[in-house]
Each structure stands twice: as C-alpha cells, then as structure tokens.
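**Q** take this sequence and fold it.
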Amino acid sequence: MQRIIDTLYLLIPLALAAFLMVAPLNAAPVASLKEIATVEGVRYNQLIGYGLVVGLDGTGDGSRTGFTNQSLTNMLSRMGISAHPDDINVDNVAAVMVTAMLPPFASPGARIDITVSSMGNADSLQGGTLLLTPLKAPNGDVYAVAQGQVSLGGSADAAHATAGRIVNGAIVERSIPFSLEGRSSITLLLKNADFIAANNAQDAINNQYGEEIAHARSSGVIEVIVPENLRNNIPRFIAQLETIPVQLSNSGKIIVNERTGTIVVGSDIRLSTVAVSHGNLTVRIEPQFNEEGEVVEPGRNDRVALFENGISIGNVVDALNRMGMTAEDMIAILQAMKQAGALSGDLEFI
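**A** The predicted model follows:
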C-alpha cells in the first residue's frame, strides 16, 4: 500500500455507512499568529442582567411565575405606582435574563448586541420590548444598560421563540480599565497550549525582527519585548505580530463523535503490529506481499485486512472504508487498537 503523509482525514458516515475524505496535504499546516494566539488582557468580558419584556400578545409568564409579578410590582413601586402582586396580570410580561459580551477597549457610548432569554413560563417573546436593564460584570459593577425591541430572527413560529436578540441593544456606560500605553512588553497566550507551536512562534517572531525579542515561557505563554521604535505605537506592533506565519505541528489525535459517527484523524498517528477481530472481519497490522513484492490491498468483499507495520491510521481507515465498514465498526476497531497499545496517537471522544 502506498504510504501517504496525510495531514487530515475527515470522515462522515453516509447513508451506507461510507466516509467522505478530505484531500491530504504534504506539509505541516501554517497559520498566522493571530489565529493561534491572543494578547493577554485583550479579551471580551461577559455581562449579565435581569429584566422584563413587556408588550407580549398573551404569551408571557402568566400567574404561574410569581417572581414576574413581584418584579413588575417593584418596578411600578419605583415609579410611584402602588400595586399588589395579586392584582397584576402578567400574561403580556416575561421575566428574562439578558446577556452580552463587552469587547476589549469598548468606550462609554459604544453599542453592543444583547441576547434576551426567557426564564419563566413565557411561550414566546415575539413582539416584546425589553425594559431598561443594567448589565453587570461578575464583580457587580454595571458596565452597560440594555433596552429595545426583541427580535427572534424570523417569524412568530421561530423554533426558539423564548430567546431573541437586540442588535445594538445595549449602551456601554463604562470601560474596562486596561491600557497598552507605556508597556515595554506584551504577553501572548496560545489558544491551544503546545510546546512545538510555542517554540515555532517564538522563532518566527525573532526571525521577523532579527533579534531575540520573543521568549516562550511555557507551552501556552510567550513574552514579547516591544522594540524601542514601536513603544509609542503598540497597536501597530501587535498588528505586525498578528500577520507573522507560524508553522504548526501535525495533529496527533483521533477525535471521535459517537453521536454522529464522525471521526477526525491526525496525520502523525501510526500503527504497530496488532491483530483485531471485530465481527467477521480481522484487521492485522503486518506486511503481506504479492509475487511482485507489492503490498496487497484488501478488496471490498475481503474479510481479512492486512497492512504493513508502521502504516498511517489514515490509510487503514481508507481501506476499511472501501471494504464497506460502518462508522460504528470503525470506532470499535479504533478503540481496540488503542487498548492494545498499537495506536500511537490519543483517542478522544466528544
């Protein structure tokens, strides 16, 4: 069997339990630094708030949700209107949780999108209006206020009628106290900690600037010294860093989704000598040659699959696919190979 260095095989079970393969690549993947790392401190911050949506057409919480009555009573009380919770009909009102992501460097007056989700017995938020709702960070400080018409992104028959969005529905009231000014260095955080990626990123940065300004502190942290000529314009320096190409290591994992039967195979995974019997099929990792000295490939009707020692898992999956193996059978065989110690990579289930 011809050996191929496969960067990635993506296999999806079809109607007859076949798999669809993505064409292999011959070289290690390359990504820009922006794709694999972020700047420490430059991140989104989560906000949350509790509010009321009014103006619903009888699809609100109703009398079954007592805290909605209490919330509406408290709101009316703050407006100088005296009312008792038992005297209020909340069929047109829904209690909701409001969530948002505060972007880095967002200034007061900026607008952000919000998500509104029912937390009571409302049937639909269609046509409702969110009343003024403070949005707080985990420390309790208010960073934005939200209000506006809730949109379900479609009609009243939307699949999730109890959750909607308001585009630009919140106004930022205060910014996160973070600044890049005056920094002599910045810290890069790899999205997926990996020593090879960290080392390659360090070398790529140093080669770009011709000096040792980057130092990998761990598999996920790289400290970069800001050059003297760019310390007055750190955003420009970060923009330059983000475009630097970094060579990544090939994947050494097999990702299996048992619910969908999807299997993703990395290219660095090899198989050592093993024999696995599954149903009426036997998979053996050992060489078999024909009279011309070529490795014999299994046919679709063969029930013994023979492969040479050290072959890539991608080639094995390809051959088993041609033999008509189902996704469930393929997963079972991979598990058996891993348990036997013949599979070099990590088998991860999601």
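**Q** next one: residue 131 from residue 75, what distance?
**A** Computed as CB to CB, to the nearest Å, the residue 131 to residue 75 distance reads 7 Å. Quick note: C-beta positions are derived from backbone N, CA and C, even for glycine.
**Q** common neighbours of these two, please.
**A** residue 52 (CB atoms under 8 Å, 6 or more residues apart in numbering).
**Q** looking at this structure, which helix is longest?
**A** If you go by DSSP state H, the chain has its longest helix at helix 195-209.
**Q** so which elements touch it?
**A** Using 3 or more CB pairs under 8 Å, 6 or more residues apart in numbering; DSSP states H and E as the contact test, the elements touching helix 195-209 are helix 33-36, strand 185-190, strand 214-216, strand 221-225, strand 245-247.
**Q** what comes up buried for it?
**A** By neighbour count on 16 or more other CB atoms under 10 Å, the buried set for helix 195-209 is 197, 198, 200, 201, 202, 204, 205, 208, 209.
**Q** so who does the nearest residue in space to the last one that is not next to it in sequence touch?
**A** Pointing back at residue 209 there. Nearest residue to residue 209, sequence neighbours excluded (CB to CB, 6 or more residues apart in numbering): residue 227, at 6.4 Å. Contacts for residue 227 (CB under 8 Å, 6+ apart) come out as 209, 211, 213, 237.
**Q** give me the most central residue, this structure.
**A** The centre of the chain sits closest to residue 191, judged by CA atoms, centre = their mean, with a distance of 10.5 Å.
**Q** hang on, the earlier thing: let's have the helices and strands packed on helix 195-209 in TSV, adding mean neighbour count and distance to residue 314.
**A** Formatted as TSV, the helices and strands packed on helix 195-209 follow (neighbours: other CB atoms under 10 Å; distance: least, CB to CB, whole Å):
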stretch	mean neighbour count	distance to residue 314
helix 33-36	17	24
strand 185-190	18	26
strand 214-216	19	30
strand 221-225	19	31
strand 245-247	17	21
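**Q** and residue 347, how close does it get to residue 263?
**A** For residue 347 relative to residue 263 (CB to CB), the value is 10 Å.
**Q** which among the helices and strands packed on helix 195-209 is found nearest to residue 42?
**A** strand 185-190 (8.9 Å; CB to CB).
**Q** direction included, what does the closest one pair up with?
**A** strand 37-39 (antiparallel), strand 221-225 (antiparallel) (DSSP bridges).
**Q** what residues does that strand touch?
**A** 33, 36-41, 180, 197-198, 201, 219-226, 234, 237-238, 241.
**Q** still on that earlier bit, what sits closest to the residue nearest to the centre of the chain if chain neighbours are left out?
**A** That would be residue 36: by CB to CB, 6+ apart, it lies 5.8 Å from residue 191.
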